[in-house]
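A.B. asks: give the three-dimensional model of this entry:
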Amino acid sequence: MTDLKLLKELENFDTPSITNVVATYPDNPLCLGLYNPWHENWYTDTTIRCMYPELGRRVGYAVTCVYGLADPAFNRLTLEDVIDAVDASLKPVVLVLEQKFPLEIKDKVGLTGGVMTTSFRAVGCVGVVSNGPTRDIDEIRPMKVQYLSSGVTPGHGAMSVRAINVPVSVAGMDVSPGEIVHMDENGACKFPAGKLAQVVANVKALAKQEGELMTKIQKAKTAAAVRKIREGHVWRAPKKR
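C.D. replies: Numbers count the residues shown, from 1 in each chain. Next up is the predicted model:
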């Protein structure tokens with residue numbers, strides 16, 4: 001199966017299922033244990049939310065970008081350079097955009113709008129994850145580019161691109177260029193592109209096991225019956241001998 005087909009396979013599963021096999025349950029053989037679940041920043045927090053829950057999941061290779069206030073001392077990078085970076089990346093792309101603005105204006109920077117999103121979409125972007133607001137949400141919706149952001153606001157002032165394809169930190173998630181980002185209405189998580197096939201295989205096995213478990217629980221009539229079923233649950237750590 002090609003990497004593109006593997007990415008499409010991941011769209012069949014929600015982001016919490018992906019986190020389960022990436023790092024959430026390190027005692028389980030299906031969990032890859034790629035990160036310390038609490039102490040590494042590999043998934044997003046509650047400071048951002050899904051703008052288009054109805055559009056569903058998106059998965060892609062991370063292209064990263066940092067925006068801030070206009071800086072006369074550094075005006076070398078432009079939006080066109082961001083578009084070029086998306087164009088040069090493996091596809092599909094999730095743009096992870098870190099906004100570094102002063103506290104007094106950070107919630108008023110409607111950074112990405114209709115024209116920018118149209119440009120990103122034209123070169124292979126399927127989703128944007130940002131720690132600041134967006135705008136033009138009704139204009140963007142028909143484009144089917146998924147968004148995770150802090151909210152919406154209608155305007156912005158002068159701003160500039162500070163860096164492209166560098167490690168960024170967005171809503172509690174640290175992302176490097178080229179990593180895989182999975183996003184839906186629960187948030188986003190990341191993992192190394194080299195683990196793609198393993199994540200797909202393990203999340204399929206997880207879905208099968210959890211489906212069987214829930215089917216059994218639904219038939220239970222007492223707490224004792226539920227307890228007995230759960231005793232064999234795969235996520236329980238094996239007892240030490």
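
A.B. asks: which of the helices and strands in this structure ranks last by mean pLDDT?
C.D. replies: Lowest by mean pLDDT, DSSP states H and E among the helices and strands of the chain is helix 223-231, with a mean of 85.

A.B. asks: buried ones in that one?
C.D. replies: residue 229 (16 or more other CB atoms under 10 Å). No exception for glycine: its C-beta is placed from N, CA and C like everyone else's.

A.B. asks: same thing with stretch 183-195?
C.D. replies: Buried-residue list, stretch 183-195, by 16+ other CB under 10 Å: 183, 184, 185, 186, 187, 188, 189, 190, 191, 195.

A.B. asks: counting neighbours, what do you get for the closest residue in space to the last one that isn't next to it in sequence?
C.D. replies: Spelled out, it's residue 195. Closest residue in space to residue 195, ignoring its immediate chain neighbours: residue 32 at 6.3 Å, by CB to CB, 6 or more residues apart in numbering. Look at residue 32: counted by other CB atoms under 10 Å, it has 17 neighbours.

A.B. asks: so residue 32: helix, strand or coil?
C.D. replies: coil (DSSP: H, G, I helix; E, B strand; the rest coil).

A.B. asks: now do the same contact list for it.
C.D. replies: Shown in contact with residue 32 (CB atoms under 8 Å, 6 or more residues apart in numbering): 21, 22, 23, 191, 195, 198, 199, 202.

A.B. asks: on contacts alone, who are the packing partners of the longest strand seen in the chain?
C.D. replies: Identified as the longest strand of the chain according to DSSP state E is strand 58-69. With contacts taken as 3 or more CB pairs under 8 Å, 6 or more residues apart in numbering; DSSP states H and E, strand 58-69 sits against helix 3-10, helix 79-88, strand 93-100, strand 125-130, strand 159-164, strand 168-170, strand 180-184.
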